[in-house]
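In: with the sequence up front, the predicted model follows.
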2 protein chains.
Amino acid sequence: MNTDKYIPPVSLIAGGAGFVGANLCTLLLAEGRTVVVVDNFCRGHERYLDIARSTGGVLKVIRADLSRRNECLTAFSEASEFGRIVEVWHLAANSDIPAGVADSDVDLKDTFLTTSELLRAMKINAVPDLYFASSSAIYGDLGEQSLHEAIGPVLPISNYGAMKLASEALISAAAESFLERACLFRFPNVVGVPATHGIILDLIRKLQADPTVLPVLGDGSQRKAYLHVSDLVDAMLYIARRKDTGKILPINIGPMDEGVYVRWIAEQVVARVAPAARLVFGKGNKGWVGDVPRFHYSVERLVSLGWKPRLDSTGAVLRAIEDIVRQESQ
Amino acid sequence: MNTDKYIPPVSLIAGGAGFVGANLCTLLLAEGRTVVVVDNFCRGHERYLDIARSTGGVLKVIRADLSRRNECLTAFSEASEFGRIVEVWHLAANSDIPAGVADSDVDLKDTFLTTSELLRAMKINAVPDLYFASSSAIYGDLGEQSLHEAIGPVLPISNYGAMKLASEALISAAAESFLERACLFRFPNVVGVPATHGIILDLIRKLQADPTVLPVLGDGSQRKAYLHVSDLVDAMLYIARRKDTGKILPINIGPMDEGVYVRWIAEQVVARVAPAARLVFGKGNKGWVGDVPRFHYSVERLVSLGWKPRLDSTGAVLRAIEDIVRQESQ
């Protein structure tokens, strides 16, 4: 008699109750995976997982601050009760860039120490694969140069970008010493729901507070590429499920266009939410310290691997405005 | 009557009682600066500062672990009693790469959190300039490519390299938000005295323990560029005293040659210390996890700024063998 019990493979999502995490969770469950979400519920919410739960898949949720060693190790122990953890998706991070500029401890703890402790726990628990949500912010302000994966020097201009690059560095060393595989997904501005932060949500909330006027950070000339979250999680999963990308892969994920202007976004939000509102722009082409006014984001590597986004920046922003207006009216 | 008291400018050297720090200290004192050394004396020693003290300059020493917030802030308060801190030289780090591979906390604390806390203290104390001892280890193993400052992707393969890159990233963000100037000095293997670690010291000590046989890590085919510490501190000071290099400057410091083979170094040490000893090589071209077998280190940027080393790799190693044999016989 064979008494061996089937041990299901578990995908652990750090920060799985956040904006990107919740969307990814739905996709992993659709793959038939057992998913364990670990989140400190600082920016994440249980209700963000409603769609994931509706798939009927096996989803467990653990509340833990992964930047704390004991909580992180305990979370791995608890997750292991549901099966063998075969991969970690690390999406836990501070997502409020200006907050991180004001107090560097925010990004240090939420963005970097989560990486450091996750790696330690993965080594102890022999988890082979790590998929990391990095950022275009690691590149800093390289002016008119096209941002491709082999460009340098990478000199981030925000603590957020710095702690994403620091995380990449630590993951890279771990790939040399114990990880079997790591992907560093570098993505630019991502839009969609559940929206927790970002320009579209900000603008909509400002108009809800005062429908007559819309103050915009900066002079509106900042131009940025936007990716819809549905495309983002699709791309990450596509790359993760290919097994031919080597031990460590830094890869830009983004739309194929040059992006849209902040002024245009503000106009679309006004048109949708409060057509009578007057736009008032600030000064300078940086919305805040650490803001990158414009960049050319190369997704050649991604495209060469056979993936293309369904929505360009324009489409992503327009769809996100609809998504977020609906979210905010609920 | 003018009652204004002259407040001398102070150079603070974090890790100033270590190998590079002690050599730098002598040079800064020779410039007529008031120097405050802050060190945890974990790898540094009071006696390493003997030569610096013999200059007769104003040198103060504070014992503190700069990775601890309170100790770091207290050290800055104490240093401020001697004048106005106008620059920080950050040389505090774990220098034992294999130790950092075994326990990632070592580099996290000694190499990265020192940077994080120093930056916080500099912001509070309005210290404008930071000179940072980075490393060629940030580049990882890029094979046969020439390692210049604009190469990428930078994927370090040791926790040491990762935490140096993480430090660079944080300094880069600080340069955007509050620092006036930062230099990121990336140097390869540095040799000389006071030797605290490194291949030459290791080999000499092995021969002292057993003069009949010399076991060498790896197969001896690793080829590396070596810089003498006297050239290193000279280059750093040269760059620091130019004020035309921009807000943030990543810069390789190294010799202009392709380096020497580990086998050749071992032969020189044997010839000098125990000519009858038999060399025994290990396997593979990596001495340890995180070791980079060979690299081409570009110092074009440094040379274009008008600086050249006095010693090439061969000269640096030969002089260091003499230096260290003398040190070890004392």
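Out: Good, I have the coordinates. This one's a predicted model, so the numbers in the text were calculated from it and none came from an experiment.

In: counting contacts, what elements does the longest helix seen in chain A pack onto?
Out: Assignment by DSSP state H gives helix A:159-177 as the longest helix of chain A. For helix A:159-177, the contact count by 3 or more CB pairs under 8 Å, 6 or more residues apart in numbering or on different chains; DSSP states H and E identifies helix A:97-102, helix A:104-107, helix A:114-124, strand A:129-135, strand A:181-187, strand A:248-252, helix B:159-177 as packing neighbours. From N, CA and C alone the C-beta is placed, and that goes for glycine too.

In: just confirm yes or no for the fourth one near chain B.
Out: No: Strand A:129-135 is not in contact with chain B by CB under 8 Å from any CB of the partner chain; minimum separation 10.8 Å.

In: just the CA trace of stretch A:38-46, in CSV.
Out: Extracted as CSV, the C-alpha positions of stretch A:38-46 are listed here (Å, rounded to 0.1, in the frame of the first residue of the first chain):
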residue,chain,number,x,y,z
VAL,A,38,1.2,36.8,2.9
ASP,A,39,0.4,40.5,3.6
ASN,A,40,0.7,43.0,6.4
PHE,A,41,-2.5,44.6,5.3
CYS,A,42,-0.9,48.0,5.6
ARG,A,43,-1.9,48.9,2.1
GLY,A,44,-3.6,45.6,1.1
HIS,A,45,-7.2,44.6,1.9
GLU,A,46,-9.1,41.4,2.3
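
In: so which bits of the stretch 51-200 of chain A are right by chain B?
Out: Counting by CB under 8 Å from any CB, the stretch 51-200 of chain A sits next to chain B at A:101, A:104, A:108, A:112, A:116, A:119-120, A:138, A:140, A:149-159, A:161-163, A:165-166, A:168-170, A:172-173, A:175-177.

In: about what we covered before: ok, which of the helices and strands packed on helix A:159-177 comes nearest residue A:60?
Out: Closest to residue A:60 of the helices and strands packed on helix A:159-177 is helix A:114-124 (CB to CB; 16.5 Å).

In: buried residues of that closest one, list them for me.
Out: A:114, A:115, A:116, A:117, A:118, A:119, A:120, A:121, A:122 (16 or more other CB atoms under 10 Å in any protein chain shown).

In: residue A:274: neighbour count?
Out: Residues lying near residue A:274 (other CB atoms under 10 Å in any protein chain shown) number 18.

In: doesn't residue A:206 make contact with it?
Out: No: the pair residue A:274 / residue A:206 is not scored as a contact, 9.6 Å apart, by CB atoms under 8 Å.

In: buried only: go through the residues of the stretch 51-200 of chain A next to chain B for me.
Out: When these are checked for burial by 16+ other CB under 10 Å, the buried set is A:101, A:104, A:108, A:112, A:116, A:119-120, A:138, A:140, A:149, A:151-159, A:161-163, A:165-166, A:168-170, A:172-173, A:175-177.

In: give me the neighbour count for the residue in the stretch 201-330 of chain A that chain B sits nearest to.
Out: In the stretch 201-330 of chain A, the residue that lies nearest chain B is residue A:250 (4.7 Å; CB to the nearest CB). When neighbours are counted by other CB under 10 Å, residue A:250 registers 22.

In: any idea what the closest residue to it other than its chain neighbours is bridged to?
Out: Leaving out its chain neighbours, the residue that sits closest to residue A:250 by CB to CB, 6 or more residues apart in numbering or on different chains is residue A:184, at 4.2 Å. Applying DSSP bridges to residue A:184 yields these beta-bridge partners: residue A:132, residue A:250.

In: tell me the confidence at residue A:184?
Out: If you check residue A:184, the pLDDT there is 98.

In: so what's residue A:38 up against?
Out: Residue A:38 makes contact with A:12-16, A:61-64, A:66, A:75, A:79, A:92, according to CB atoms under 8 Å, 6 or more residues apart in numbering or on different chains.

In: who does the helix or strand of chain A at the bottom of the mean pLDDT ranking touch, helix- and strand-wise?
Out: For chain A, using mean pLDDT, DSSP states H and E, the weakest element among its helices and strands is helix A:97-102, scoring a mean of 79. Judged by 3+ CB pairs under 8 Å, 6+ apart, helix A:97-102 is in contact with helix A:104-107, helix A:159-177.

In: where among the ones you listed is the average confidence lowest?
Out: Ranked by mean pLDDT, these end with helix A:104-107 in last place, scoring a mean of 92.

In: list the buried residues for the least confident helix or strand of chain A?
Out: Neighbour count says helix A:97-102 has A:97, A:100, A:101 buried, by 16+ other CB under 10 Å.

In: once you drop chain neighbours, what's closest to the first one?
Out: The shortest distance from residue A:97 to any residue other than its chain neighbours is 4.6 Å, reached at residue A:160 (CB to CB, 6+ apart).

In: and residue A:19, by the same measure?
Out: Spatial nearest neighbour of residue A:19, excluding adjacent residues (CB to CB, 6+ apart): residue A:196 at 5.2 Å.

In: which element is that neighbour on?
Out: For residue A:196, there is no helix or strand it lies in under DSSP states H and E.

In: so it makes contact with residue A:18?
Out: Yes: using CB under 8 Å, residue A:196 makes contact with residue A:18 at a distance of 6.8 Å.

In: joint contacts of residue A:274 and residue A:206?
Out: Taking CB under 8 Å, 6+ apart as the criterion, residue A:274 and residue A:206 both touch residue A:214.

In: okay, helices next: where are they in the stretch 151-300 of chain A?
Out: Listed in chain order, the helices found in the stretch 151-300 of chain A under DSSP state H, counting those that start in this stretch are A:159-177, A:199-209, A:229-241, A:262-273, A:300-304.

In: how close does the residue nearest to residue A:250 get to residue A:329?
Out: Per CB to CB, to the nearest Å, residue A:184 is found 37 Å from residue A:329.

In: more crowded one of these two?
Out: Each of residue A:184 and residue A:329 has its neighbours counted (other CB under 10 Å); residue A:184 has more, 27 against 8.

In: what is the burial count for the closest residue in space to residue A:231 that isn't next to it in sequence?
Out: Leaving aside its sequence neighbours, residue A:231 sits nearest to residue A:309 (CB to CB, 6+ apart; 4.2 Å). If you count neighbours by other CB under 10 Å, residue A:309 ends up with 23.

In: thanks a lot, see you next time.
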